[in-house]
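Peer 1: Below: sequence and its predicted model.
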Amino acid sequence: MNTTTNTNTAVSSGLSSLSLSQRLVAGALALLLGLTLLVGTGFAGDYRLHNGAHDTRHAMGFPCH
Amino acid sequence: MIRNLFAAALFAALAAGLLTAAIQHFRVTPLILHAETFEGEGGHSHAEGTAEHSHDDAAATTEAEPEEWAPQDGFERTAYTTLATVLAAAGFALVIGAVSMFANIPITFANGLLWGAAGFIAFSLAPAYGLAPELPGMPAAEVFPRQLWWAGTALATGGALLLLAKTRASWAIALAVALIVIPHIIGAPVAPDEPSAVPAHLATEFAAVTLGTSAVFWALLGAIFGRLNDLFAARSATTPLGATA
């Protein structure tokens, strides 16, 4: 019980300890990297990327063929 | 702190991605391989058109590359699928991590399943509502308009859920409903009405299994991401100030 309370406090202080500009920069970086990975695995037209990730695209519901 | 968030996202993606890849290996890939045995057989009257249509990109590339590379069936193909699933998982984790930072809503173990549910609705359920999970050899519209609709639907639906997470004002509820519904009013690109050799039972099983697997993936990703955030935050809270970046 005590641990949970501590953890929750720590987490909220974790994210809110960041300034707005820190959150924006970190968020933009994460978004850029995340979208690059998603485009590479799920959307890219290059046949090597398409064929390598083929089954994942179908399994994850990305438009494939 | 920022480093912790990235580490939590990537470790969660690795764990959720590997577990999902295992489920895919046993439940999803066999259906894809089965469907591929019918590929090219679809609709005898349209066989030529179907083949050309479904391999648009490949056809363009094969002119320069007579031997189109693809992983060998068996271990190599499984390895590539596992890698692609883990990388896609990392992509999804970083995207929800970014949303968490922009919106200033932490991902914790307590709300991890909610994040997972939102990810599932935005990236799996809403796109699948217009573009049903598709097996190789099934007729489908041009790929680019479908990708555009998929991405737009995920963005609009995700935006709606984020808005609801921030405020329940009546204007926000109205806007969220509009954002969720509009992609479906616009409508996904419609598949050509061509016969397919892929049996219907295979297609329905695939739709159910992929949506179920995605639900498991998102639940795992949200819960593990949140747990790791909690752990890292607790750890950095106990270390002296300035000890971590």
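Peer 2: Looks like it came in fine.
Peer 1: Figure out the helix or strand that B:Phe6 lives in.
Peer 2: Assigned by DSSP states H and E, B:Phe6 belongs to helix B:2-23.
Peer 1: On the pLDDT front, check residue 32 for me.
Peer 2: Picking chain A for this. Here the pLDDT value assigned to A:Leu32 is 97.
Peer 1: other chain: chain B
Peer 2: Per-residue pLDDT puts B:Ile32 at 95.
Peer 1: Enumerate every residue touching it.
Peer 2: Counting by C-beta atoms under 8 Å, 6 or more residues apart in numbering or on different chains, B:Ile32 makes contact with A:Asp55, A:His58, A:Ala59, B:Leu135, B:Pro136, B:Phe206. For glycine as for every other residue, the C-beta is placed from the backbone atoms N, C-alpha and C.
Peer 1: before we move on, what about A:Thr36?
Peer 2: By C-beta under 8 Å, 6+ apart, the neighbours of A:Thr36 are B:Gly91.
Peer 1: picking that back up, which one of the contacts of B:Ile32 sits closest to B:Gly91?
Peer 2: Using C-beta to C-beta, A:Ala59 comes nearest to B:Gly91 of those, at 14.5 Å.
Peer 1: Any idea how many residues pack against that closest one?
Peer 2: Applying other C-beta atoms under 10 Å in any protein chain shown, we find 31 residues neighbouring A:Ala59.
Peer 1: Just the helices from chain A, written as ranges.
Peer 2: A:2-16, A:20-38, A:47-52, A:54-60 (DSSP state H).
Peer 1: any residue of the helix holding B:Phe6 up close to chain A?
Peer 2: Yes - judged by C-beta under 8 Å from any C-beta of the partner chain, helix B:2-23 comes into contact with chain A through B:Ile2, B:Asn4, B:Leu5, B:Phe6, B:Ala9.
Peer 1: Test my guess that the first one contacts A:Leu24.
Peer 2: So the one you mean is B:Ile2. No - B:Ile2 is not in contact with A:Leu24 according to C-beta atoms under 8 Å; the separation is 11.4 Å.
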